[in-house]
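Colleague: got a structure for you, letters missing:
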RNA sequence: GUGAGUGUAGCUCAAGGGCAGAGCACUGGACUGUGGCUCCAGGGGUUGGGGGUUCGAAACCCCUCACUCACCCCA
């Protein structure tokens, strides 16, 4: 006996009745995005690996150690997508969806793949829903999309959430800050952990995120990005803050909030919740003004976010706002009491389905008891049976399993059977 | 990649060196073509896997694998 093959680590089956719930959560979130005018786009699950190293950044953890890359038979290098923004931008450029002169709003959803150690709220195949707005953006567009996520927090009663906000500067002032920071870090190099010494050279902003106590001490007095913003970025940040306040959306400034993807500029934000365990972020995003051009497209600013569906699930579960479980799957179970009645039973099932009555046959052991049991397990509303007498008379007994009421029909009058069943089910 | 905790029936868990058990679920019977309740019976296990200590290991030791949580990272 060989051992059974199991699902890969960090990859989960979503079994009934959770599958329906999962789809409902997705749908309800999509509906909120649709309220914001976002149009759905369906994107492939794998792309050229280069797309992600160019957009997310070669020195990021996602690209450096978490990506599922593989080469196909032609020898080209591909990667399972670790996030959605890069794919969406690629598609927008490829199909000329975006234009420097107009605003487009696109949303996507689906599985993402990262080779991480699984943990509460963290999987190797997980699901994200996200939205991106591309075009001649103003700071108000940042605020508007954040407000849409805020709407989700309210609609789903996300427990104890916080909006963390930062501005990472523009392509003009970020390099200046970067220099300042590198200079500072070099001065304190001996107090930094090994990773941070490495990052000082390849991706100094990531050092700000380090939680090692020795690094924390150094970072206490490190220069803040918000202190070295250029006038335009300062104004951008100021406007975003002012308009969030105007909408009554509370936020917390977090000058160490550095998203782990290199493409972000200006506004970055993260919605967190302490109801979620260590993986506290449930939605995050920011502005990426240089990404489109970086990927070979026109110079079009962008702003976007992604939310983790599994994390939304956990939060809504805590809040008691999970979608209700679905209606019973079966309306009718058909049971032939004797083998000779099987053809009639099969025919009846088929006819009922043609009349949009969810039906299934039970062709198991000849015991009527087991038919009742199966019907009950399926939450079937009616049980029809055909035995010796019915077969001879060309009839069928149909029993309402809730009321116990039983009616005899001619096998021919299917539309009347279907109609009676429908009325009973829909009026219950 | 690092650390800690946990692996016993389909599920939830007992037994802490001396017969591997309970509840739920499943199957059958009481009840022959009319269910849910009740009662009775039954099937299910290399105690995650491998090695060691011991007269004897689910239990103690070592290795390994898996799961969970945390670090890290992020949605």
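Modeller: Arrived safely, thanks for sending. Treat the numbers as computed from the prediction; the structure is a model and nothing was measured. Numbers count the residues shown, from 1 in each chain, chains lettered A, B, ... in the order given.
Colleague: close enough to count as contact, residue A:129 and residue A:307?
Modeller: Yes. Counting by C-beta atoms under 8 Å, residue A:129 touches residue A:307, with 5.4 Å between them. Just so you know, the C-beta spots here come from the backbone N, C-alpha and C atoms, and that holds for glycine as well.
Colleague: report the residue spans of the stretch 101-250 of chain A with pLDDT below the cut-off.
Modeller: Within the stretch 101-250 of chain A, not a single segment meets pLDDT under 70.
Colleague: RNA strand B contacts on that one?
Modeller: A:114, A:116-123, A:126, A:128, A:195, A:206, A:209-212 (C-beta under 7 Å from any atom of the strand).
Colleague: same check, this time on the stretch 301-428 of chain A
Modeller: Residues of the stretch 301-428 of chain A lying near RNA strand B (C-beta under 7 Å from any atom of the strand): A:306-308, A:310-311, A:337, A:365-370, A:372-373, A:375-377, A:385, A:387-390, A:397, A:399, A:401-402, A:404, A:406.
Colleague: ok so, going back, just the ones of the residues of the stretch 101-250 of chain A next to RNA strand B in strands?
Modeller: A:126, A:128 (DSSP state E).
Colleague: whichever of the residues of the stretch 101-250 of chain A next to RNA strand B end up buried, select them in ChimeraX.
Modeller: To isolate the buried members of these in ChimeraX, using 16 or more other C-beta atoms under 10 Å:
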select /A:114,116,121,122,123,126,128,206,210
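Colleague: just to revisit the earlier point, what subset of the residues of the stretch 301-428 of chain A next to RNA strand B is buried?
Modeller: Using 16+ other C-beta under 10 Å, the buried ones in those are A:306-308, A:310-311, A:337, A:372, A:375, A:385, A:387, A:390, A:397, A:399, A:401.
Colleague: just the ones of these in strands?
Modeller: A:306, A:307, A:308, A:385, A:397, A:399.
Colleague: closest one of those residues to residue A:285?
Modeller: When those are ranked by distance to residue A:285 (C-beta to C-beta), residue A:306 comes first, at 6.3 Å.
Colleague: name the SS class of the residue lying closest to the closest one once chain neighbours are set aside, please.
Modeller: Computed as C-beta to C-beta, 6 or more residues apart in numbering, the closest residue to residue A:306 that is not its neighbour in sequence is residue A:130, at 3.5 Å. Three-state assignment for residue A:130 (DSSP: H, G, I helix; E, B strand; the rest coil): strand.
Colleague: residue A:130 contacts residue A:303, doesn't it?
Modeller: No. The criterion here is C-beta under 8 Å, and residue A:130 misses it with residue A:303 at 11.4 Å.
Colleague: give me the common contacts of those two.
Modeller: residue A:285 (C-beta atoms under 8 Å, 6 or more residues apart in numbering).
Colleague: helix, strand or coil: sort out the nearest residue to residue A:225 once chain neighbours are set aside for me.
Modeller: Nearest residue to residue A:225, sequence neighbours excluded (C-beta to C-beta, 6+ apart): residue A:177, at 5.1 Å. What three-state DSSP gives for residue A:177 is helix.
Colleague: ok, now how distant is residue A:177 from RNA strand B?
Modeller: Look at residue A:177 and RNA strand B: by C-beta to the nearest atom of the strand, to the nearest Å, they are 18 Å apart.
Colleague: which residue packs closest to the residue in the stretch 251-400 of chain A that RNA strand B sits nearest to, ignoring adjacent ones?
Modeller: Distance from RNA strand B to each residue of the stretch 251-400 of chain A (C-beta to the nearest atom of the strand) is smallest for residue A:260, at 1.3 Å. Among residues not flanking residue A:260 along the chain, residue A:60 sits closest, at 5.6 Å (C-beta to C-beta, 6+ apart).
Colleague: so what's that neighbour up against?
Modeller: Contacts of residue A:60 (C-beta under 8 Å, 6+ apart): A:203, A:206, A:260, A:261, A:262.
Colleague: was I right to think the first one contacts residue A:262?
Modeller: If I follow you right, that is residue A:203. Yes. Counting by C-beta under 8 Å, residue A:262 is a contact partner of residue A:203 at 7.3 Å.
Colleague: between the two, what contacts are shared?
Modeller: Common neighbours of residue A:203 and residue A:262 (C-beta under 8 Å, 6+ apart) are A:57, A:59, A:60.
Colleague: using the three-state scheme, assign the nearest residue to residue A:268 once chain neighbours are set aside.
Modeller: In this structure, residue A:268 finds its nearest non-sequential neighbour in residue A:286, 3.5 Å apart by C-beta to C-beta, 6+ apart. Assigned with three-state DSSP, residue A:286 falls in the strand class.
Colleague: next one: the one 3 residues further on
Modeller: Residue A:289 carries the three-state label coil when classified by three-state DSSP.
Colleague: measure the residue nearest to it when sequence neighbours are not counted to residue A:141 for me?
Modeller: The shortest distance from residue A:289 to any non-neighbouring residue, by C-beta to C-beta, 6+ apart, is to residue A:301 (4.3 Å). Going from residue A:301 to residue A:141 by C-beta to C-beta, to the nearest Å gives 9 Å.
Colleague: need phi/psi at residue A:297.
Modeller: With angles defined as degrees, to the nearest 10, residue A:297 sits at phi -100, psi -170.
Colleague: ignore what I typed, I meant residue A:393.
Modeller: Residue torsions, per degrees, to the nearest 10, at residue A:393 are phi -90, psi -10.
Colleague: could you check how far the nearest residue to residue A:11 once chain neighbours are set aside is from residue A:45?
Modeller: In space, residue A:11 comes closest to residue A:125 once its chain neighbours are excluded; the distance is 4.7 Å by C-beta to C-beta, 6+ apart. Using C-beta to C-beta, residue A:125 is found at 10 Å from residue A:45.
Colleague: which one's more surrounded, those two?
Modeller: residue A:125 (17 against 12; other C-beta atoms under 10 Å).
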